[in-house]
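[1] Need coordinates for the below:
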Amino acid sequence: MEALFAPSSVAVIGASPESWYSSRLVDNLLEHGYEGDLYLVNPSRDEVWGRRCYDGVGDLPATPELVVVSVPRSVVPSVLREAGKEGVNAALVMSAGFAEADDNGRALEDEVADAVASTGIRVCGPNSLGILDSRGVVLTPTCSRTPEKGGVALFSGSGALGFTTFYERGVDEDVRFARVVSTGNETDLTLADFVRDAAHDGDVNVVCCYVEGTAPRDFVRAAAEATASGTPVVAVKVGRSETADKAVVSHTGVLTGDDDAWDAAFRRAGVERVDDIPDLLVRARTHDEYETFGDRLCVVTTSGGLGSLVADLAAEEGLRLPPLSDDADEALRSVEGLLSYGGFGNPVDVRGYGADHLPEIADAVRDDGYDAYLFCVGLSAVGDRAEGIADDLREVAERFDAPVFVVWTGRKGDHDGTPPYERLRREVPVYYDAEDAVGAVASLVGAGERRGRVAETPRLGRCSPEKPDIGDGLLRWKEATRLLDRYGVETVETRTVDDADEAQAAARALGERVVVKADGIAHRSDLGGVVTNIRADEVCDAYREVEEVGNGVLVQPQTDGVEAFVGLAPEDGFGNVVTVGVGGRLAETVDDTASLLTPVARQDARVALKQTALGGLDDEDREALVDYLVRVGEFAAENAVEEFDLNPVMVSDGRASAVDVLMKI
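    A predicted model of the protein is given here:
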């Protein structure tokens with residue numbers, strides 16, 4: 001990676017003033033302070049940029065650490081083979097037209113992979129828009145500003161979005177980057193490789209990813225490694241809609257993957273998923289400036305309405321606003337000019353005139369043991385008064401040991417010179433929307449929880465399930481449960497019967513009320529293959545009714561409890577993915593599920609259940625279902641199935657057991 005981010009020498013292959021990509025890249029490399037050796041390669045020219053032009057890598061006076069390849073796609077594999085044989089460590093391939101383009105491009109990308117395998121050269125790309133490193137390496141045609149050193153690492157599947165939007169807009173908002181990488185088609189080096197490298201880089205405080213498509217399980221392992229080491233990972237993942245999914249394939253040549261499975265992947269790795277560019281940038285800067293802290297937040301506001309809005313947002317994010325201590329309340333009452341009307345709460349409503357007493361107000365609440373402080377200013381952000389407010393907030397932030405955040409929602413109109421809120425933002429996190437401010441605080445609080453959860457989660461292994469040696473097609477009850485029994489996946493007590501008399505005897509043995517159902521068919525309820533809640537003297541008629549639609553008959557006790565659905569399905573790149581949600585007939589009509597990677601981690605299962613209506617189970621039943629999901633995950637990690645539904649799984653009295661099993665091999 002060092003050859004990509006801090007090469008002592010670079011050769012640009014295909015360097016030409018007539019090429020938009022290579023010409024702007026060379027200009028940027030020189031203008032933004034690259035101090036290493038630069039070689040230009042173009043057999044059609046003798047000289048460019050006042051420098052000698054060489055015919056090939058083999059003609060250079062010294063072997064460069066890095067080559068940048070900007071040539072027609074057809075010659076990229078041969079260029080890489082030559083560079084690899086000459087001992088070049090790494091290549092940045094900007095040439096496009098590979099798997100994202102057509103069948104010929106896919107074949108050429110296979111040749112790129114062969115060149116990597118045969119020579120050992122490491123490749124970023126193809127179809128990459130470049131790399132930027134704050135140590136003085138700007139290898140992209142789209143960077144307009146010299147990077148200031150910072151702690152944000154950004155890795156983007158989209159080059160244009162990564163540089164012209166994330167980077168440029170981030171710089172506008174005082175986000176400082178350690179590096180930016182357009183990962184391209186990831187023929188060799190993948191998003192996981194870059195994340196893993198950043199996790200062990202002391203200069204990186206937070207990893208941000210724009211994910212289109214990548215090797216999911218490799219990414220999970222790398223992101224979990226980063227999270228566990230204390231480097232938060234925040235990601236935007238596209239491909240939720242069919243339209244977005246098709247757009248990604250058309251310009252990167254990779255599939256985005258099932259979105260529910262990606263949610264499971266992010267949860268497993270401790271990645272915070274956000275929806276859009278502003279969300280990512282807000283969190284990037286916040287994590288670059290502060291480490292994680294607890295969830296006790298003190299809110300000081302010049303507007304009662306703004307304070308109420310922040311309180312609601314905080315509650316949604318799981319942040320606590322504990323009341324002020326008596327000492328803090330008394331100290332606030334003593335601040336001249338504040339109207340208390342019976343005391344102060346949290347949020348601390350100091351009203352508009354309280355903005356003129358911010359240092360005194362801050363001193364009153366500073367020693368109350370809060371983990372962070374959010375000052376909300378619902379006043380104009382320009383003018384003489386705003387200048388004083390900005391100065392006071394800067395002073396407050398300097399006094400506090402705990403992190404201080406500001407949300408300033410007032411007018412941002414014309415101002416001579418740099419507006420006061422912009423000057424303040426250079427030193428203190430300032431947000432223009434309450435939702436951004438609370439989201440940033442919650443992100444920092446959540447980073448600690450995610451780190452702890454990932455640290456307790458077993459490493460994600462490679463999922464290579466094999467077809468079980470138990471038969472093909474739709475399994476009957478005994479075949480399916482025999483396989484589930486190996487993993488401790490419990491099913492309700494069930495008798496297989498061959499005639500009506502056996503069915504009646506089984507019913508008397510099982511209890512007062514029983515269920516009679518057809519064996520060996522899917523969707524038996526829809527086909528009239530289930531008769532529920534009947535007495536033993538009603539079983540013979542029920543037997544004859546269901547016998548006609550199935551391949552055998554089953555008798556079970558009538559069971560009560562909360563109905564859950566547990567299923568699994570193979571997903572490309574993820575292996576088998578377990579799904580859990582409300583069960584019974586609601587499973588088909590209510591979208592209330594969460595997904596889990598296999599094998600299932602207990603902490604992941606707990607978080608997944610909270611995302612569904614099953615989060616309302618009491619502690620005993622919830623832990624029983626967590627145990628059940630872990631066992632199903634063990635089964636899923638080892639067995640390849642075509643279809644698999646346990647619906648319903650009855651949860652009651654600290655036990656979970658499946659009433660119905662659909663398993664197709």
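[2] For residue 166, give its distance to residue 280.
    Separation of residue 166 from residue 280 (Cβ to Cβ, to the nearest Å): 7 Å. Just so you know, the C-beta spots here come from the backbone N, C-alpha and C atoms, and that holds for glycine as well.
[3] Spit out the residues that contact those two alike.
    208, 210 (Cβ atoms under 8 Å, 6 or more residues apart in numbering).
[4] if you count what's nearby, which of those two comes out ahead?
    residue 166 (25 against 22; other Cβ atoms under 10 Å).
[5] Look at the more buried one and report its pLDDT.
    Looking at residue 166, its pLDDT is 94.
[6] show me what contacts it?
    The contact partners of residue 166, taken as Cβ under 8 Å, 6+ apart, are 154, 156, 180, 208, 210, 277, 280, 281.
[7] For residue 168, see how far away the third one is.
    It refers to residue 180. In terms of Cβ to Cβ, residue 180 sits 10 Å off from residue 168.
[8] same deal with the last one?
    With the distance defined as Cβ to Cβ, residue 281 ends up 11 Å from residue 168.
[9] Between the two, point out the one with more neighbours.
    More crowded of residue 281 and residue 168, by other Cβ under 10 Å: residue 281, with 26 against 14.
[10] Could you find the closest non-adjacent residue to that one?
    Residue nearest to residue 281 in three dimensions, not counting chain neighbours: residue 170, with 5.1 Å by Cβ to Cβ, 6 or more residues apart in numbering.
[11] would the one you found count as being in a helix?
    Yes - secondary structure of residue 170 (DSSP: H, G, I helix; E, B strand; the rest coil): part of a helix.
[12] show me the contacts for it.
    152, 154, 177, 281, 284, 285.
[13] What is the strand or helix carrying the fifth one packed up against?
    Which is residue 284. Using DSSP states H and E, residue 284 falls within helix 277-289. Identification of packing neighbours for helix 277-289 by 3 or more Cβ pairs under 8 Å, 6 or more residues apart in numbering; DSSP states H and E yields strand 152-156, helix 168-172, strand 206-211, strand 233-237, strand 272-274, helix 434-455.
[14] ok, the helix or strand following it: who's next to it in the sheet?
    Next helix or strand after helix 277-289 toward the C-terminus (DSSP H and E): strand 297-301. In the sheet, strand 297-301 lines up against strand 348-349 (parallel), strand 372-377 (parallel) (DSSP bridges).
[15] So what touches strand 297-301?
    With Cβ under 8 Å, 6+ apart as the test, strand 297-301 has contacts from 307, 310-311, 314, 319-321, 324, 346-350, 354, 358, 361-362, 365, 368, 370-378, 441.
[16] picking that back up, list just the nearest of the contacts of residue 170 to residue 621.
    Checking these against residue 621 by Cβ to Cβ gives residue 284 as the nearest, at 40.0 Å.
[17] Make JSON lines from the helices and strands packed on helix 277-289 and add distance to residue 643 to it.
    Listed next are the helices and strands packed on helix 277-289 as JSON lines, based on distance: least, Cβ to Cβ, whole Å:
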{"stretch": "strand 152-156", "distance to residue 643": "36"}
{"stretch": "helix 168-172", "distance to residue 643": "46"}
{"stretch": "strand 206-211", "distance to residue 643": "29"}
{"stretch": "strand 233-237", "distance to residue 643": "27"}
{"stretch": "strand 272-274", "distance to residue 643": "29"}
{"stretch": "helix 434-455", "distance to residue 643": "31"}
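[18] Out of these, which gets nearest to residue 224?
    Closest among the helices and strands packed on helix 277-289, using Cβ to Cβ: helix 434-455, at 5.1 Å.
[19] What average pLDDT does the helix or strand following that closest one get?
    Sequence-wise, the next helix or strand downstream of helix 434-455 (DSSP H and E) is helix 477-485. Averaged across helix 477-485, the pLDDT comes to 94.
[20] Please enumerate residues in contact with helix 477-485?
    Outside helix 477-485, the residues within contact range by Cβ under 8 Å, 6+ apart are 468, 470-471, 475, 491, 494, 496, 519-520, 552, 554, 635, 639, 658, 661, 663.
[21] one more time with 10 Å
    Residues from elsewhere that reach helix 477-485, judged by Cβ atoms under 10 Å, 6 or more residues apart in numbering: 468-471, 474-475, 489-492, 494-496, 517, 519-520, 551-554, 556, 631-632, 635, 639, 641, 644, 646, 658, 660-665.
[22] Give me the buried entries from these.
    Buried members of the contacts of helix 477-485, counted by 16 or more other Cβ atoms under 10 Å: 468, 474-475, 489-492, 494-495, 517, 519-520, 552-554, 556, 631-632, 635, 639, 641, 644, 646, 658, 660-663, 665.
[23] now, which of the residues you listed lie within strands?
    Those of these mapping onto strands are 495, 517, 553, 554, 556, 644, 646, 658, 661, 662, 663, per DSSP state E.
[24] buried ones in stretch 197-215?
    Of the residues in stretch 197-215, those buried (16+ other Cβ under 10 Å) are 197-199, 201, 204-215.
[25] so where's the stretch 401-550 of the chain shaky on pLDDT?
    Filtered on pLDDT under 70, the stretch 401-550 of the chain yields the residue ranges 414-416, 461-463, 471.
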